[in-house]
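Q: Got a predicted model here, sequence first, then my questions.
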Amino acid sequence: MSAYSVHLGLLLLTSFVLVRAESNRIVKLRKFKKVHEDENSFQSSVELGEPDDEGHIKLSGEIATQVTLDNDWKVNITLYRKASEDDKYGTFMDLPVIGSCDLMSTYYKDFFYEKLKDYSNAPHPDDCPLAPQKFHLKDYPINSSQLGKFLQAGDYRVVGQLVKDEELKLEYLAEFQVE
């Protein structure tokens with residue numbers, strides 16, 4: 001998957017602000033930030049809007065790649081959880097490290113592309129390797145009620161990384177609480 005997909009995948013997993021889930025759980029975003037960006041490879045920005053009447057948050061962002069993304073670019077996404085303020089974060093779910101093109105032809109194709117294509121210039125899942133280009137996402141509606149159904153109460157941290165030759169090139173971090 002491209003840096004675009006890593007970036008948006010992480011955003012889609014973590015952009016949940018004060019929305020009541022059907023399971024009566026509330027998901028609150030505590031922090032969302034870019035931790036690291038190799039400016040010779042990427043330039044990215046993200047903007048989260050306020051929830052609409054249906055509880056959907058509008059997500060917009062851009063990412064420009066200055067490199068060709070192929071399976072030599074590895075994606076790592078890890079979800080951490082702690083049950084209370086006094087606990088330390090422990091690994092809750094660690095997705096296997098996967099090459100960008102392999103990720104595009106699996107997770108991205110199966111879970112993200114059809115939803116993203118109407119709000120962006122998202123690359124087709126078969127378009128890998130990806131030449132340098134600029135991607136955008138405009139007003140994508142995120143419904144966090146689905147997240148509350150699957151997660152236990154607690155504090156969560158999601159870390160998404162893109163690595164090339166064992167060197168970290170892009171990293172985002174989000175923290176949210178499920179009540």
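A: Cool, got the structure. Note that this is a predicted model, so its numbers are computed, not measured.
Q: quick one: average pLDDT of the helix or strand hosting Val75?
A: Val75 belongs to strand 73-82 when assigned by DSSP states H and E. Over the span of strand 73-82, the pLDDT mean works out to 93.
Q: what do you get for stretch 107-119?
A: 87.
Q: likewise stretch 130-148?
A: The model assigns stretch 130-148 a mean pLDDT of 79.
Q: Stretch 25-37 now?
A: Rounded mean pLDDT across stretch 25-37 is 79.
Q: and that stretch, which residues are buried?
A: Of the residues in stretch 25-37, 25-27, 29, 32, 37 count as buried by neighbour count, 16 or more other C-beta atoms under 10 Å. Where C-beta positions appear, they are placed from N, C-alpha and C, glycine not excepted.
Q: Mind checking which of these are in strands?
A: 26-27, 29, 32, 37 (DSSP state E).
Q: in the protein, which spans are helices?
A: 3-14, 100-103, 113-116, 145-150 (DSSP state H).
Q: Could you single out the nearest of the ones in strands among the buried residues of stretch 25-37 to Asp165?
A: Glu37 (16.8 Å; C-beta to C-beta).
Q: Tell me how far the closest one lies from Leu170.
A: 6 Å (C-beta to C-beta, to the nearest Å).
Q: so what's in contact with the two at the same time?
A: Ser44 (C-beta atoms under 8 Å, 6 or more residues apart in numbering).
Q: which residues touch Ala131?
A: Ala131 touches Thr68, counting by C-beta under 8 Å, 6+ apart.
Q: Would you map the strands across this structure?
A: Taking DSSP E as the criterion, the chain carries its strands at 19-20, 26-37, 42-51, 56-65, 73-82, 90-94, 98-99, 134-143, 154-164, 167-178.
Q: For Thr106, find the nearest of those.
A: So among the strands of the chain, strand 98-99 is nearest, using C-beta to C-beta, at 7.7 Å.
Q: strand partners of that closest one, parallel vs antiparallel please.
A: strand 73-82 (antiparallel) (DSSP bridges).
Q: Tell me how far the strand it pairs with lies from the chain's centre.
A: Mean C-alpha position of strand 73-82 versus that of the full chain (C-alpha atoms, centre = their mean, to the nearest Å) differs by 10 Å.
Q: Quick one: residues in contact with that strand.
A: Outside strand 73-82, the residues touching it (C-beta under 8 Å, 6+ apart) are 1, 3, 6, 9-10, 13, 88-95, 97-100, 103, 151-152, 154-164, 169.
Q: at 7 Å what do you get?
A: Residues outside strand 73-82 that contact it (C-beta atoms under 7 Å, 6 or more residues apart in numbering): 1, 6, 9-10, 88-95, 97-100, 103, 154-164.
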